[in-house]
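Trainee: Sequence first, then the predicted structure, then my questions.
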2 protein chains.
Amino acid sequence: MSFMIFSKTTEYALRIMNFMAMDEKKLYSANDIYENLRIPFRYLRKQMTILSKSGLIISVQGKNGGYRISKSLSEISLLDITRVAGDNKINNECFFGFKSCAFEKKCAMHYKWAAVRKSINNVLTSTTLEELKKTGTHNFISKNSLIFTKKD
Amino acid sequence: MSFMIFSKTTEYALRIMNFMAMDEKKLYSANDIYENLRIPFRYLRKQMTILSKSGLIISVQGKNGGYRISKSLSEISLLDITRVAGDNKINNECFFGFKSCAFEKKCAMHYKWAAVRKSINNVLTSTTLEELKKTGTHNFISKNSLIFTKKD
DNA sequence: TTTAAATAATACCTGGAGGTGTCATTTATG
DNA sequence: CATAAATGACACCTCCAGGTATTATTTAAA
Ligand code: SF4
Ligand code: SF4
């Protein structure tokens, strides 16, 4: 199952933050997010706690509690989000996955792959939630899908 | 542990093919490859069988047997190699990992990410083992490392 | 002050990628 | 033919990302 770039957890984090960016001042409950994104409820709860510990969102406990984006949308890049789910391995990595280069001279992939990595980093660094908010009509699955999974 | 592009198995396949490209006519035993790449021996054996079933290499059984690249180096692209280890998921995939798009209008990442995917595909499709062979001095770990792991 | 609605903490379960162990089969060579 | 050196087949183990289950804590509001 090779060739993925993001883990499922990272994808979840991206979807969640993108969804919450719809209204950056609103306090979203885990249930609100679940209803729209249908990420497995318990796992979603776990991720919300992690996101809040990361500082990207703040949590409010107790009745009518929930989560809110903690800073200006223009200050949150997609790279910031991908980083909370795991370590950004793409930066110091050889195309072949060698820990230290096996070759005396640079192989043909070295600079080509560096360029790929750079383009990924560029797009993740330069795209903010604010830009994302301006595009796309955010229906998520609630309108698109008639699949209703049970919460528990 | 997000952000990887290739699975370990795919990386192994790339290293193996790249190594065997040093001498495309030579019959390499699994042991030869192990001595140079130090991929866990039993797993390496398993992968060699898979590679040979894929048609990229042929296997010769019996004493003095081994493996040999099955066609011209210029006919084997890196994409061909990455494909044998798993399905090329990057092609039909949304940045957020949605199976079907959640939005009515394209989000800000849609075309940016398509460009990233395209650049990855370009480099994998256009780089062949032949090109790889021309660059890099192939020492692999045998010269670089003094770590000798036991085979069994 | 009691209740209900929310998050937090913690432990556990599961499937699959990566890795091992064992035996069977093939074939060159003495 | 007998042996040794190679690959093939197949079952098993291990670890961890992803997913569940349960109980504790916080707090608004009836
Ligand atoms: S030269 Fe090739 S093998 Fe060496 S680090 Fe760069 S990509 Fe990896
Ligand atoms: S528009 Fe955005 S959400 Fe929709 S498929 Fe493209 S990248 Fe995914």
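Mentor: In hand now; what should we look at? Ligands and ions are numbered 1, 2, ... in the order given.

Trainee: contacting residues for residue A:124?
Mentor: A:77-79, A:82 (C-beta atoms under 8 Å, 6 or more residues apart in numbering or on different chains). To be clear about C-beta, it is placed using only N, CA and C from the backbone, and glycine gets the same treatment.

Trainee: now it: how far from DNA strand C?
Mentor: Per C-beta to the nearest atom of the strand, to the nearest Å, residue A:124 is found 23 Å from DNA strand C.

Trainee: Check residue A:64 too.
Mentor: 6 Å.

Trainee: so how many other residues sit close to residue A:70?
Mentor: For residue A:70, the neighbour count with other C-beta atoms under 10 Å in any protein chain shown is 16.

Trainee: so how far is chain B from it?
Mentor: Per C-beta to the nearest C-beta, to the nearest Å, residue A:70 is found 21 Å from chain B.

Trainee: Any stretches of chain A with poor pLDDT?
Mentor: By pLDDT under 70, the weakly predicted segments of chain A are A:1-4, A:87-92, A:136-152.

Trainee: hmm, try it at 90
Mentor: Applying pLDDT under 90 to chain A flags the ranges A:1-5, A:84-93, A:98-106, A:135-152.

Trainee: which residues in it form helices?
Mentor: Using DSSP state H, the helices of chain A run over A:8-20, A:30-37, A:41-54, A:78-85, A:109-126, A:129-134, A:140-144.

Trainee: would TSV of the ones you listed with distance to residue A:103 be doable?
Mentor: Output for the helices of chain A, formatted as TSV (distance: least, C-beta to C-beta, whole Å):
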stretch	distance to residue A:103
helix A:8-20	31
helix A:30-37	45
helix A:41-54	38
helix A:78-85	30
helix A:109-126	9
helix A:129-134	40
helix A:140-144	47
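
Trainee: Show me the one of these that comes nearest residue B:70.
Mentor: Nearest to residue B:70 among those is helix A:109-126 (21.9 Å), distances taken as C-beta to C-beta.

Trainee: Report the buried residues of the closest one.
Mentor: Using 16 or more other C-beta atoms under 10 Å in any protein chain shown as the test for burial, helix A:109-126 gives A:109-110, A:112-113, A:116-117, A:120, A:123-124.

Trainee: what's around residue A:129, how many residues?
Mentor: The number of residues packed near residue A:129 is 27, by other C-beta under 10 Å.

Trainee: cool, the one 4 residues further on as well?
Mentor: The burial count assigned to residue A:133 is 18, neighbours taken as other C-beta under 10 Å.

Trainee: Could you find the closest non-adjacent residue to it?
Mentor: residue A:21 (4.9 Å; C-beta to C-beta, 6 or more residues apart in numbering or on different chains).

Trainee: can you check residue A:74 too?
Mentor: Using C-beta to C-beta, 6+ apart, the closest residue to residue A:74 is residue A:130 (4.3 Å).

Trainee: tell me the contacts of that neighbour?
Mentor: Residue A:130 neighbours (C-beta under 8 Å, 6+ apart): A:21, A:72-74.

Trainee: Could you identify the buried members of the residues you listed?
Mentor: For those, buried by 16+ other C-beta under 10 Å: A:21, A:73.

Trainee: JSON lines please, covering the contacts of residue A:130 and showing distance to DNA strand C.
Mentor: Putting those into JSON lines (distance: C-beta to the nearest atom of the strand, whole Å) gives the following:
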{"residue": "A:21", "distance to DNA strand C": "17"}
{"residue": "A:72", "distance to DNA strand C": "22"}
{"residue": "A:73", "distance to DNA strand C": "20"}
{"residue": "A:74", "distance to DNA strand C": "25"}
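
Trainee: about what we covered before: now distance to ligand 2 too, for the helices of chain A, in JSON lines please.
Mentor: Compiled in JSON lines, the helices of chain A are given as follows (distance: least, C-beta to the nearest ligand atom, whole Å):
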{"stretch": "helix A:8-20", "distance to ligand 2": "8"}
{"stretch": "helix A:30-37", "distance to ligand 2": "12"}
{"stretch": "helix A:41-54", "distance to ligand 2": "18"}
{"stretch": "helix A:78-85", "distance to ligand 2": "12"}
{"stretch": "helix A:109-126", "distance to ligand 2": "12"}
{"stretch": "helix A:129-134", "distance to ligand 2": "9"}
{"stretch": "helix A:140-144", "distance to ligand 2": "9"}
